[in-house]
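Chemist: Give the three-dimensional model of this entry:
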Amino acid sequence: NMLFVGQRGVVTPCHYDEQENFFAQVKGRKRCVLFHPEHFKNLYPFRVGHPCDRQSQVDFNNPDLERFSEFRNAKGVEATLEPGDVLYIPRTWFHHIISLDHTVSVNFWFLAKKKSEITYPLSAEQKVSMTRNVESMLYTALKSPEEVTEFLNTIVRGRYDSDVNHVINKATSP
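Modeler: Predicted coordinates for the structure are as follows:
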């Protein structure tokens, strides 16, 4: 749990949390934009191990659409919180918050009971969690972002980027 005190114009950069979140507005107003986890690729989060891990690389005030071209496809849901309002932010949902006044807010993070089984097709939330877990495991084992990049490129290069492999898989499937 955390207490936030801020001045007008303070921005909490777009990020996601790994726990459920009740965000209570005590004083002043805040503009909150939430993005469903299906927009993960559109928000370009920093890699695991980076100081801004789980945070979008996109500057929402001046987005570089040449570098972050998929950002134009990010569709959020906006709410303005006033004193007494409580916003539920599900785990893995990105949120970008701006103080519209001098503000006081309180966060209540909690762990919800996780499902014990994986459902198919995977939900957007499951994909975000899986991406983070795989990336974290690789970063821990390989120790550098460059080695993780090379490792992932080695796995994908020539194996998943052509129709040939998909045709063979279909032909050999029972």
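Chemist: What is the longest helix along the chain packed up against?
Modeler: If you go by DSSP state H, the chain has its longest helix at helix 124-142. For helix 124-142, the packing partners by 3 or more C-beta pairs under 8 Å, 6 or more residues apart in numbering; DSSP states H and E come out as helix 40-43, helix 145-156. Backbone N, C-alpha and C define where each C-beta goes, glycine included.
Chemist: Apply 7 Å and report the result again.
Modeler: Packing contacts for helix 124-142, counted by 3 or more C-beta pairs under 7 Å, 6 or more residues apart in numbering; DSSP states H and E, involve helix 145-156.
Chemist: Check which helices and strands the helix it packs on sits against.
Modeler: helix 124-142.
Chemist: Could I get the buried residue list for the helix it packs on?
Modeler: Going by neighbour count (16 or more other C-beta atoms under 10 Å), the buried part of helix 124-142 is 125-129, 131-132, 135, 138-139.
Chemist: next one: stretch 5-15
Modeler: Buried residues in stretch 5-15, counted by 16+ other C-beta under 10 Å: 6, 12, 14-15.
Chemist: sorry, back to before: as TSV, the buried residues of helix 124-142 with distance to Lys41 and pLDDT would be great.
Modeler: Supplementary listing: the buried residues of helix 124-142 in TSV, determined by distance: C-beta to C-beta, whole Å; pLDDT from 0 to 100:
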residue	distance to Lys41	pLDDT
Glu125	14	88
Gln126	15	88
Lys127	10	91
Val128	10	91
Ser129	15	88
Thr131	10	90
Arg132	14	87
Glu135	14	89
Leu138	18	91
Tyr139	19	88
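Chemist: Now stretch 27-39: average pLDDT?
Modeler: The average of the pLDDT scores along stretch 27-39 is 97.
Chemist: Any idea how far that stretch is from the middle of the chain?
Modeler: Average the C-alpha atoms of stretch 27-39, do the same for its chain, and the two points are 12 Å apart (C-alpha atoms, centre = their mean, to the nearest Å).
Chemist: Show me which parts of it are buried, residue by residue.
Modeler: Neighbour-count burial for stretch 27-39, with 16+ other C-beta under 10 Å as criterion, is recorded at 28-30, 32-37, 39.
Chemist: Stretch 71-88 too?
Modeler: Judged by neighbour count using 16+ other C-beta under 10 Å, the buried positions of stretch 71-88 are 71, 74, 76, 81, 85, 87.
Chemist: And the furthest pair within the residues you listed?
Modeler: Maximum pairwise distance among the buried residues of stretch 71-88 (C-beta to C-beta): 27.8 Å, between Phe71 and Asp85.
Chemist: Between helix 145-156 and the longest helix of the chain, find me the angle.
Modeler: Orientation check (axes from the mean of the first three to the mean of the last three C-alpha atoms, to 10 degrees): helix 124-142 against helix 145-156 gives 120 degrees.
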